[in-house]
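> I'd like to go over a predicted model; first the sequence, then the structure.
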Amino acid sequence: MTGARRRGGSLATLVIGAVAGIGLVVAVSLVLGDGPYAMQGLGYPGAASAVTYVLLRYVVALAGGFTLGALMYALCCAAATDKGAIEVAGYRGVRVAEVCTPIWLLAAAALVPVSAADSAGLSIGSALHRGGVSALIGAAEKPKAWTVAALCVLVVAVLVRFALSWNSLFGLMVIAAVAVVSPAVVGNAGEGPDHDYATGAVIPFTIALSVLAGLSWCVLGQAELDAPGLPSVLRRYRLVVTLCVAVMAPTAVILALILAPPTTFGGWYGWLGVTGAVLSAGHAALAWRLGRVPSRWRAAVLRGAVFAEILWLAVSVAMAIQPAPAFAHRSFTAQEVFLGFDLPRPPGVLTLLTVWRFDVVLGTAAIVLAVAYAAGAARLRRRGDLWSRWRTVSWMCGCAGLLLVTSSGIGAYSYGVFSMHMAVHMALNMFLPVLLVLGAPVTLLLRAVDPARRGVAPGPREWLLWLMHSRFTRILSHPGVALAVFVVSLYGLYFTPLFDQLIRFHWGHLLMNIHFLLTGYLYYWAVIGIDPGPRRLPHLGRLGMLFAIMPFHAFFGIAVMSMDSLIGPVFYPELRLPWMTDLLHDQWLGGTVAWVSGEIPVLLVVGALLTQWSRQDRREAARGDRHSERFPDDDELVAYNAMLAQLRHSRR
């Protein structure tokens, strides 16, 4: 009876929080009225259509947050078997995701036509009556984003019912994160000046915010049942909340300075942002109080955390439906619209070294990876274990190169100049992965992180081992697959309209850079990888795999150099760089960069491969010598057995 009463309390918290959130978003929508539409030069679709739009967005935010948080709970907080199978506590998170994904899917699918009508300033009925919904969907970015989100949610909704392992849930969580982020990158953060910073900040901010609601709800269910292993779950919960708040705090500051700077602070947008900051601080405080409050108060504290996050999601939706104050009464240049900043002069050595545009995602990743690697190597040294300094130097040079390529003037000009884009592509795809692969980060993590103790939920070491031995990793690490992905992505991107669609947006540029880096790492891992993997070719096969890629790269560079039509024929002319007078010549330079840079890394890789080959031969020779010293008569015994076998055969 007591357990049922407690579970009823959690459901009451959910209902009260959802009703309060609905009241908040509806009130903001009605109070704002036609103001947001007038700022964008659109007609007012009417209160009914505006409220329908904001309600659907809140349902999506709530269902998406609970799904993503529940998957995070099953992955990080709940226990699992030695083979990576989810146990009963983790399955509670899977059940929450099973319930929420159909709701999320229906609301996201409904937002495709509804957001198209809203983006045109038309009521839903008017858009349907005119029969122009398909044209509206094609003319605006928000309906396309909701289409991507709906497709991702469909995949999660179908597969989550069959997911019972850590690896499968990890893949579904990645897909769910894409669904959560897709609408955010085409909102206020993806528009206007400095949207390169804002887009990079809104991606981790949205994921961290969405995780907290579902995570707190699942932990609340665990606390109400007072299930075994609750102290371990609470420790993991506090750690995840701390990481999420640590991600949200700096990214929220970046978004606030760009979208609502101090000179424009005020109104609904500014005060809603302050409310969200207070809710985040309150959630963090409640999470850390869990370790000090008596056990009978834990459920009450977690209910407060759930309520705070449900309201936070409502606040984020109320902010997303109105233009940012920084956009009011301001005209933008074409470069600010497409790039987020102006490129007033042509690139030069001094310009490339002084004009920095920090990449919030990849630049931060480079710094975090370097710091984490240094910490792991230092831990091994304190323990008395040896770790190659050359591996450390290689990894640090790779991270420094990643920071330089994405955040210096090289990265800034790559947004608007094709030749610079190709230089960044080659660096991320051909040069930096070599340095990162030779750093052997997986081996370092496996040696530096201790295995989870018996009776304790698995940790990063176990997660990495499960991921390395998963079927998905085995497929991707297959030499043929790695080679095919490397080649197909090169030709499929630049010789199709896909490049012109992606290069127009910062999220598209970021997606391409991440893809270049991952495909390059995957390819060189198969060729010169030190880390353990499911498949390993003999050294002669790796050498053949390396030389097999050279003709494809050379042909690609020559093809780009000889083209008489533009790659990105819509984007680059619309950018209107005043100093760019010959786009075809710049494209020729880009093809030259691709041609030349495709050959240079081969020397480094061949040297590394031959070194590994010779070391393996020396190790095998030394092993044979030790065996001969230990068993000096072994060769004579083999010869004697062979003679006996021959005699037996002749007698028969």
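The structure has been received and is ready for your questions. The structure presented is a predicted model; accordingly, all values stated were derived computationally and were not measured.

> could you tell me how many residues sit around residue 415?
Using other Cβ atoms under 10 Å, residue 415 has 21 other residues around it. (Glycine included, C-beta is placed from N, CA and C.)

> where do the helices sit along the stretch 551-652 of the chain?
Assignment of helices within the stretch 551-652 of the chain using DSSP state H, counting those that start in this stretch yields the ranges 571-575, 583-597, 600-630, 634-651.

> and residue 558, what does it touch?
Residue 558 is in contact with 591, 595, counting by Cβ atoms under 8 Å, 6 or more residues apart in numbering.

> the same query, at a cut-off of 7 Å, please.
Shown in contact with residue 558 (Cβ atoms under 7 Å, 6 or more residues apart in numbering): residue 595.

> give me the pLDDT value at it.
For residue 558, the model assigns a pLDDT of 89.

> how far away is it from residue 210?
46 Å (Cβ to Cβ, to the nearest Å).

> isn't residue 545 right next to residue 483, touching?
Yes: using Cβ atoms under 7 Å, residue 545 makes contact with residue 483 at a distance of 6.2 Å.

> show the end-to-end separation of stretch 220-230, please.
This stretch, stretch 220-230, spans 10 Å end to end (Cα to Cα, to the nearest Å).

> quick one, what contacts the closest residue to residue 520 other than its chain neighbours?
Excluding its sequence neighbours, the residue lying closest to residue 520 (Cβ to Cβ, 6 or more residues apart in numbering) is residue 433, at 3.5 Å. When contacts are counted by Cβ under 7 Å, 6+ apart, residue 433 touches 517, 520-521, 524.

> what's the local residue count around residue 180?
By other Cβ under 10 Å, neighbour count at residue 180 equals 25.

> helix or strand: which one has it?
Element membership for residue 180 (DSSP states H and E) is helix 166-184.

> contacts for that helix next, please.
For helix 166-184, the external contacting residues (Cβ under 7 Å, 6+ apart) are 64, 67-68, 71-72, 74-75, 80, 84, 86, 142, 145-146, 148-149, 152-153, 155-156, 159-160, 163, 202-203, 206-207, 210, 463, 466-467, 470, 472.

> among those residues, which lie within strands?
Among the contacts of helix 166-184, DSSP state E puts none in strands.

> derive a PyMOL selection command for the buried subset of those.
Applying 16 or more other Cβ atoms under 10 Å to the contacts of helix 166-184, the buried members can be selected in PyMOL as follows:
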select buried, resi 64+67+68+71+72+74+75+80+84+86+142+145+146+148+149+152+153+155+156+160+163+202+203+206+207+210+463+466+467+470
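
> would you mind putting the CA coordinates of the helix holding residue 180 into CSV?
Output of helix 166-184 as CSV, limited to C-alpha atoms (Å, rounded to 0.1, in the frame of the first residue of the first chain):
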residue,chain,number,x,y,z
TRP,A,166,23.9,-2.0,-23.7
ASN,A,167,25.1,-1.6,-27.3
SER,A,168,21.7,-1.5,-28.8
LEU,A,169,20.5,1.1,-26.3
PHE,A,170,23.6,3.2,-26.9
GLY,A,171,22.8,3.3,-30.6
LEU,A,172,19.2,4.2,-30.0
MET,A,173,20.2,7.0,-27.6
VAL,A,174,22.4,8.5,-30.4
ILE,A,175,19.5,8.4,-32.8
ALA,A,176,17.2,10.0,-30.2
ALA,A,177,19.8,12.7,-29.6
VAL,A,178,19.7,13.5,-33.3
ALA,A,179,15.9,13.8,-33.1
VAL,A,180,16.1,16.1,-30.1
VAL,A,181,18.8,18.4,-31.7
SER,A,182,17.4,18.6,-35.3
PRO,A,183,14.6,21.3,-34.5
ALA,A,184,17.0,23.2,-32.2
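
> what's the average pLDDT for that helix?
Rounded mean pLDDT across helix 166-184 is 92.

> return the distance of that helix from the chain's centre.
9 Å (Cα atoms, centre = their mean, to the nearest Å).

> what are the buried residues along that helix?
166-173, 175-184.

> what do you get for stretch 512-531?
Buried residues in stretch 512-531, counting neighbours by 16+ other Cβ under 10 Å, are found at 512-513, 515-530.

> all helices for the stretch 351-500 of the chain, in order.
In the stretch 351-500 of the chain, the helices defined using DSSP H, counting those that start in this stretch lie at 362-383, 389-407, 409-414, 418-426, 432-438, 441-448, 460-468, 471-476, 479-494, 498-502.

> what's the closest of these to residue 103?
Using Cβ to Cβ as the measure, helix 471-476 is the one of the helices of the stretch 351-500 of the chain that comes nearest residue 103, at 27.8 Å.

> packing partners for the closest one?
Helices and strands touching helix 471-476, by 3 or more Cβ pairs under 7 Å, 6 or more residues apart in numbering; DSSP states H and E: there are none.

> can I get that helix in CSV? Just the C-alpha atoms.
What follows is helix 471-476 as a C-alpha-only set of coordinates in CSV (Å, rounded to 0.1, in the frame of the first residue of the first chain):
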residue,chain,number,x,y,z
ARG,A,471,28.4,-6.2,-34.1
PHE,A,472,28.2,-2.6,-35.4
THR,A,473,31.9,-2.1,-34.6
ARG,A,474,32.8,-5.4,-36.3
ILE,A,475,31.0,-4.3,-39.4
LEU,A,476,32.5,-0.8,-39.5
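
> find the nearest non-adjacent residue to residue 245, please.
Looking at residue 245 with Cβ to Cβ, 6+ apart, the closest residue is residue 284, at 4.7 Å.

> how many residues are close by that neighbour?
If we define neighbours as other Cβ under 10 Å, then residue 284 has 21 of them.

> same question for residue 39.
Residue 39: 16 surrounding residues under other Cβ under 10 Å.

> how close does it sit to residue 232?
With distances taken as Cβ to Cβ, residue 39 is found 50 Å from residue 232.

> and residue 323, by the same measure?
45 Å.

> how many other residues sit next to residue 393?
13.

> repeat for the one 3 residues further on
The local packing count at residue 396 equals 17, with neighbours defined by other Cβ under 10 Å.

> helices of the stretch 101-250 of the chain, start to end?
So, for the stretch 101-250 of the chain - with DSSP H, counting those that start in this stretch - the helices run 124-130, 133-139, 141-159, 166-184, 195-225, 230-259.

> check which helices and strands the longest one is in contact with.
On a contact count with 3+ Cβ pairs under 7 Å, 6+ apart, helix 195-225 meets helix 2-32, helix 47-72, helix 88-119, helix 166-184, helix 230-259, helix 298-320, helix 506-528.

> quick one: work out the angle between the last one and helix 479-494.
Helix 506-528 and helix 479-494 meet at an angle of 150 degrees, taking axes from the mean of the first three to the mean of the last three Cα atoms, to 10 degrees as the criterion.

> over to the first one?
With the same axes, to 10 degrees defining the directions, helix 2-32 sits at 20 degrees from helix 479-494.

> and helix 2-32, what does it pack against?
For helix 2-32, the elements it packs on are helix 47-72, helix 195-225, helix 298-320, judged by 3+ Cβ pairs under 7 Å, 6+ apart.

> nearest to residue 508, out of those?
Nearest of the helices and strands packed on helix 2-32 (Cβ to Cβ): helix 195-225, 9.9 Å.

> I figured residue 489 hits residue 519, correct?
Yes: using Cβ under 7 Å, residue 489 is in contact with residue 519, at 5.6 Å.

> please read off the pLDDT at the nearest residue to residue 588 once chain neighbours are set aside from the model.
Leaving aside its chain neighbours, residue 588 sits nearest to residue 561 (5.2 Å; criterion: Cβ to Cβ, 6+ apart). Listed pLDDT for residue 561 reads 90.

> wait, what's in contact with residue 561?
Residue 561 makes contacts with 588, 591-592, 595, as judged by Cβ under 7 Å, 6+ apart.
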